[in-house]
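sequence below, structure please.
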Amino acid sequence: MNMKAKKICFKNIGQLVQVQDTDPPRLKVYRNCALVVSGGRVEKVFRDTGIRASDYARVVDLKGRAVIPGFIDPHTHMVYGGDRKAEMEMRAAGDDYLEILKNGGGILSTVNATRKASEEMLYRSARERMKRMIALGTTAFEIKSGYGLDLETEKKILRVGRRLAADLKVHVTLTYLGAHAVPEGVKKKDYFDFVLRYLPEFRELADGVDIFCERGAFTVADLKRLFLQAKLLGFQLRAHVEEFTLQGGCYEAARLGAISCDHLEHARPHDIRGMAVAGTVGVLLPGVTHFLGGSKLPLVHTLLDSGVPLALATDCNPGSCPTYNMQTILTLATAMYRLTPEQALVAATYGGARALDRHREMGGLRPGQRADFLLLKTSDYRDLFYYFGENFVDKTFLAGSAVSGRKEPVTD
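Residues are numbered from 1 along each chain as shown. Got it, this is the predicted structure:
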């Protein structure tokens with residue numbers, strides 16, 4: 001086979017950023033370099049001198065601009081029906097998120113809209129969201145169910161997620177979140193027994209399971225029961241924990257082998273030590289705090305000092321964080337958590353891959369990894385953080401090929 005036919009050389013890169021798989025992970029910045037992609041994977045990065053066009057199938061001039069790994073979003077709920085714009089106004093008037101949920105709004109409102117939507121309608125709307133996220137720089141996703149709370153709708157959401165991965169040629173990790181809320185008119189015990197009883201039916205559809213461990217939703221005891229059964233079935237374990245109140249779910253999730261614990265606003269040093277020992281990733285969602293007007297922040301620097309791997313995510317959903325833009329999340333993380341640009345970019349790339357257990361094959365733009373990367377409209381990656389509110393992604397590349405996303409905002 002002619003190896004030249006498989007190789008693309010991207011030359012005249014002003015700045016190329018890799019994430020090194022070190023402890024802690026660090027950025028490695030190359031200047032005035034070239035990138036060779038072969039078979040959709042990074043072959044090498046080298047100094048931009050003496051490049052012969054005859055050695056490659058194609059040579060692409062990137063005109064001195066910066067290249068960074070694509071963003072990896074490890075926590076989304078992007079398949080849903082309806083919107084919750086009215087709740088934004090209710091919260092502005094003083095209503096509490098958990099009170100809205102208790103009174104049949106919140107998650108339950110989205111459940112009703114999602115049940116009514118056909119699978120094709122859900123696919124079309126989620127496809128537009130994902131295309132917009134790709135245009136803004138996201139190259140791999142986690143998608144949760146949880147807006148069905150019945151057998152057929154939960155499966156419908158996961159089928160849509162699988163179809164998105166195939167049609168848009170992106171990596172998608174699918175998570176079954178049956179334990180998201182208790183549906184109206186059902187006792188909690190009966191519903192949770194239903195989740196456990198039908199858990200095996202989701203093994204072929206989902207990579208992992210998740211649970212919303214929170215006051216008014218599910219308890220630490222529920223988390224233990226779900227995780228013990230899920231582990232026997234071979235699921236990855238994830239958990240929404242310590243978001244609005246301290247419940248103790250973070251420590252138990254880590255102890256049982258959770259790959260990630262997400263939110264963590266009320267996590268204690270004791271919980272963080274448990275995560276560090278277990279190697280559990282802390283997935284931080286500053287967009288939720290911003291959109292809900294919250295003030296409680298996770299102990300981010302305790303997490304860092306303890307050696308807990310960090311990831312950043314959008315939590316893309318219609319109620320608590322309707323954003324598609326990981327660049328916005330980077331801005332919020334540096335402002336709210338006082339992360340450096342390096343720490344934030346590591347968390348948005350390598351950290352997201354780590355939360356999906358994919359950090360060996362993506363998230364660092366290192367040799368052998370998928371060539372998922374972003375061409376920026378600047379020669380310095382730090383401009384992503386300095387000039388906040390701008391879109392600095394010029395082109396998104398998946399496996400070395402430029403892809404077209406959606407240019408216009410998506411409104412549901």
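
so who does the nearest residue to Thr340 once chain neighbours are set aside touch?
Excluding its sequence neighbours, the residue lying closest to Thr340 (C-beta to C-beta, 6 or more residues apart in numbering) is Thr334, at 7.3 Å. All C-beta atoms are positioned from the backbone trio N, CA, C, and that covers glycine. Thr334 sits next to 340-341, 344, 385 when contact means C-beta atoms under 8 Å, 6 or more residues apart in numbering.

now with 10 Å?
With contacts defined as C-beta atoms under 10 Å, 6 or more residues apart in numbering, Thr334 is in contact with 286, 340-341, 343-345, 384-386, 388.

of all the residues in the host helix or strand of it, which ones are buried?
Element membership of Thr334, judged by DSSP states H and E, is helix 326-337. Neighbour-count burial for helix 326-337 flags 326-334, 336-337 (criterion: 16 or more other C-beta atoms under 10 Å).

where does this protein dip in pLDDT?
Applying pLDDT under 70 to the chain picks out residues 1-5, 101-104.

how is it divided into domains?
For the chain, automatic domain parsing gives the domain ranges 3-70+364-403, 71-355.

most tightly surrounded among the ones you listed?
Stretch with highest mean neighbour count among the domains of the chain: domain 71-355 (a mean of 21; mean count of other C-beta atoms under 10 Å).

ends of it, what's the gap?
Length of domain 71-355, first residue to last, C-alpha to C-alpha, to the nearest Å: 13 Å.

how close does Ser260 sit to Leu339?
For Ser260, the distance to Leu339 equals 18 Å [C-beta to C-beta, to the nearest Å].

so which strand or helix has Thr22?
Here Thr22 is assigned to no helix or strand, by DSSP H and E.

give me phi/psi at it?
Main-chain torsions, Thr22, degrees, to the nearest 10: phi -110, psi -180.

for it, give me its contacts.
With C-beta under 10 Å, 6+ apart, Thr22 has these contacts: 28, 350.

quick one: the helices in the stretch 51-200 of the chain?
All helices of the stretch 51-200 of the chain, identified by DSSP state H, counting those that start in this stretch, fall at 85-92, 97-102, 107-116, 119-135, 151-168, 188-197.

for Lys395, find the nearest of these.
Between Lys395 and these, the tightest spacing by C-beta to C-beta is seen for helix 119-135, at 9.2 Å.

can you measure across stretch 32-51, start residue to end residue?
13 Å.

sorry, slip of the keys, the one I care about is stretch 282-291.
Start and end residues of stretch 282-291 are separated by 20 Å (C-alpha to C-alpha).

for the buried residues of helix 326-337, give me TSV that also has distance to Ala126.
Listed next are these as TSV, based on distance: C-beta to C-beta, whole Å:
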residue	distance to Ala126
Met326	17
Gln327	21
Thr328	20
Ile329	19
Leu330	23
Thr331	25
Leu332	24
Ala333	25
Thr334	29
Met336	28
Tyr337	29
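
picking that back up, of the domains of the chain, which is nearest Pro409?
domain 71-355 (7.0 Å).

roughly how far is the closest one from the heart of the chain?
Mean-position distance between domain 71-355 and its chain equals 9 Å (C-alpha atoms, centre = their mean, to the nearest Å).

Ala221 looks like it's in a helix, true?
Yes - Ala221 forms part of a helix when assessed by DSSP: H, G, I helix; E, B strand; the rest coil.
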